[in-house]
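K.L.:
next one to model:
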Amino acid sequence: MNKRERIRGRVLETALLAALMHLGCQTEVPTWGEQVWGRADGDLELVPVGSGLGEIIADPRRPYLYLSDFDGNRLYFISRDSRRIEKEMVIGTRPADLAISMDGNLLYVALAGGSQIGVLDLDSQISAAPVPLNFSPAYLAAGRPPFLYISSVLELWEGFQPQGQSFQVNFQARTQVTVPQLRLLDVNPQRTALYAAYNRQVFHFAINQTDGTLTLQTLLNAEGHVVELFLSEEGKRLYTISTGFLTLPQGIVTRGFIDSRKNFETDMVEVWSTDPLFKLGELHTGAFPRAVAQSGRYLVVAAADSATTPKRAGFAVRYDPETLTPLQTYRLAGSPTNCAAVDSASGRFYVAIDNPYDLRERFGERQDLQVVDLRAGGEE
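P.N.:
All right, here's what the predicted structure looks like:
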């Protein structure tokens, strides 16, 4: 063997060894698909994240979804074209709620692990100067600049007790004023009305366009404690998830419940018209709704068979936004969380799920993002 052949042989050996080492050190573990589930479920598409998610929001101007990773202190950019994580960045400690500014250029991030609102320039994807606070934020809504409406971190396990506070923040003057009766909150696209929920009550406030102050317009009672609030993209419908609704015997039939033992205490979605605020109807899935989202002609509720067991399989139901009648049902790979969004342009529903098939070696919740094509046939 001549020298050239020996060198070529060593190069091949080195390349082979490197390839074997790469395979041996590969840490990517499949979290969905036939390899994991043992069955061909090509219609169940997941975006692997593997961490506890705080919120999902769709950018109306850019081809992205933004996800806050509460456990990992990160912000994810999900491409709506490829439906993959295109970018991730550290935005602050415990990112929770998200809101886009009225002009669509800034993303505000409630950093529940500290005392500030993170700010991201969406064109450059670079962090701007944060908004300092003297409390830990949980929920936020972006009014007309320079006003933000923010609820502090609450003792959630005690049912939204009054010790939680809410504030109107002027981020230019660096002032904050306490405002009453704001917990879960959302604001309409025109920034003229703010909707809030506290315990069993739903509020409609008018926003003063000069100083950002709030004037109560309407106060209505919900059927139970409101644990989730969602305003439709155009601001015409408000959806609340109410808990602790006691199902009467006649409800077993009229609401389509089959087994009264499993539906003795069942949450529901209440549907409200926003201006003026009044109740339009209810959405009953026969299970426990975790998330609701609506954009255009797509109205979807994600639910699970158990209110407390995270490893139960879930499903999503698409409703007609006008008649509130169910149209299709879609299976989810795991139990949904309260993070969901609809992309009306593509007809896709995005929802965070507790993935029971996630085999990655880590502690804590293993939440991934499931993508549901609403244009495809579901399980009727």
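K.L.:
how far does stretch 170-189 stretch from start to finish?
P.N.:
Start-to-end span of stretch 170-189 (C-alpha to C-alpha, to the nearest Å) is 19 Å.
K.L.:
quick one: buried residues of stretch 64-82?
P.N.:
Residues of stretch 64-82 classed as buried: 64-78, 80 (neighbour count, 16 or more other C-beta atoms under 10 Å). Any C-beta I mention is one placed from the backbone N, CA and C, and that applies to glycine too.
K.L.:
quick check: of those residues, which lies closest to residue 374?
P.N.:
Residue 374 lies nearest to residue 80 out of the buried residues of stretch 64-82, by C-beta to C-beta, at 13.7 Å.
K.L.:
tell me where the stretch 1-150 of the chain has helices.
P.N.:
3-25, 34-37 (DSSP state H, counting those that start in this stretch).
K.L.:
got a pLDDT number for residue 305?
P.N.:
In this prediction, residue 305 carries a pLDDT score of 76.
K.L.:
correction: residue 376
P.N.:
Value for residue 376, per-residue pLDDT: 76.
K.L.:
now do the SS call for it.
P.N.:
Residue 376 carries the three-state label coil when classified by DSSP: H, G, I helix; E, B strand; the rest coil.
K.L.:
and the helices of the stretch 1-150 of the chain, which one's lowest on average pLDDT?
P.N.:
Lowest mean pLDDT within the helices of the stretch 1-150 of the chain: helix 3-25, at a mean of 42.
K.L.:
any idea how far residue 128 is from residue 53?
P.N.:
Residue 128 sits 23 Å away from residue 53, going by C-beta to C-beta, to the nearest Å.
K.L.:
related to what we said a few turns ago, mark which of the buried residues of stretch 64-82 are part of strands, please.
P.N.:
64-69, 74-78 (DSSP state E).
K.L.:
which residues in the stretch 151-300 of the chain form helices?
P.N.:
Using DSSP H, counting those that start in this stretch, helices in the stretch 151-300 of the chain cover 249-254.
K.L.:
output the below-cut-off pLDDT ranges for it.
P.N.:
Low-confidence segments of the stretch 151-300 of the chain (pLDDT under 70): 154-164, 244-266.
K.L.:
that older thread, higher neighbour count, residue 128 and residue 53?
P.N.:
Shown here are residue 128 and residue 53; by other C-beta atoms under 10 Å, residue 53 has more neighbours (25 against 12).
K.L.:
check which helix or strand covers the closest residue in space to that one that isn't next to it in sequence.
P.N.:
Using C-beta to C-beta, 6 or more residues apart in numbering and skipping residues adjacent in sequence, the residue nearest residue 53 is residue 352, 4.4 Å away. Counting by DSSP states H and E, the element that carries residue 352 is strand 348-354.
K.L.:
packing partners for the helix or strand just after that strand?
P.N.:
Moving toward the C-terminus from strand 348-354, the next helix or strand (DSSP H and E) is strand 367-373. Identification of packing neighbours for strand 367-373 by 3 or more C-beta pairs under 8 Å, 6 or more residues apart in numbering; DSSP states H and E yields strand 45-47, strand 53-58, strand 348-354.
K.L.:
same thing but 7 Å
P.N.:
Secondary-structure packing of strand 367-373 (3 or more C-beta pairs under 7 Å, 6 or more residues apart in numbering; DSSP states H and E): strand 45-47, strand 348-354.
K.L.:
check the ones you listed for me and report the most buried one.
P.N.:
Of the helices and strands packed on strand 367-373, the one with the most neighbours on average (mean count of other C-beta atoms under 10 Å) is strand 348-354, at a mean of 26.
K.L.:
what's the pLDDT at the residue nearest to residue 104 when sequence neighbours are not counted?
P.N.:
Residue nearest to residue 104 in three dimensions, not counting chain neighbours: residue 61, with 5.0 Å by C-beta to C-beta, 6+ apart. Listed pLDDT for residue 61 reads 94.
K.L.:
just the one 10 residues further on next, same as before
P.N.:
Confidence per residue is given as pLDDT, and for residue 71 that number is 86.
K.L.:
that one contacts residue 50, correct?
P.N.:
No: in this structure, residue 71 is not within contact of residue 50 by C-beta atoms under 7 Å, at 9.5 Å.
K.L.:
my read: residue 153 touches residue 138, true?
P.N.:
Yes: here residue 153 reaches residue 138: they are 4.6 Å apart, a contact under C-beta under 7 Å.
K.L.:
the more surrounded of these two?
P.N.:
In terms of neighbours (other C-beta under 10 Å), residue 138 is the more surrounded of residue 153 and residue 138; the figures are 21 against 17.
K.L.:
quick one: the nearest residue to residue 319 once chain neighbours are set aside from residue 171, how far?
P.N.:
Excluding the flanking residues, the one nearest residue 319 by C-beta to C-beta, 6+ apart is residue 299, at 4.6 Å. Distance of residue 299 to residue 171, computed by C-beta to C-beta: 33 Å.
K.L.:
report the beta-bridge partner residues of residue 271.
P.N.:
residue 239, residue 281 (DSSP bridges).
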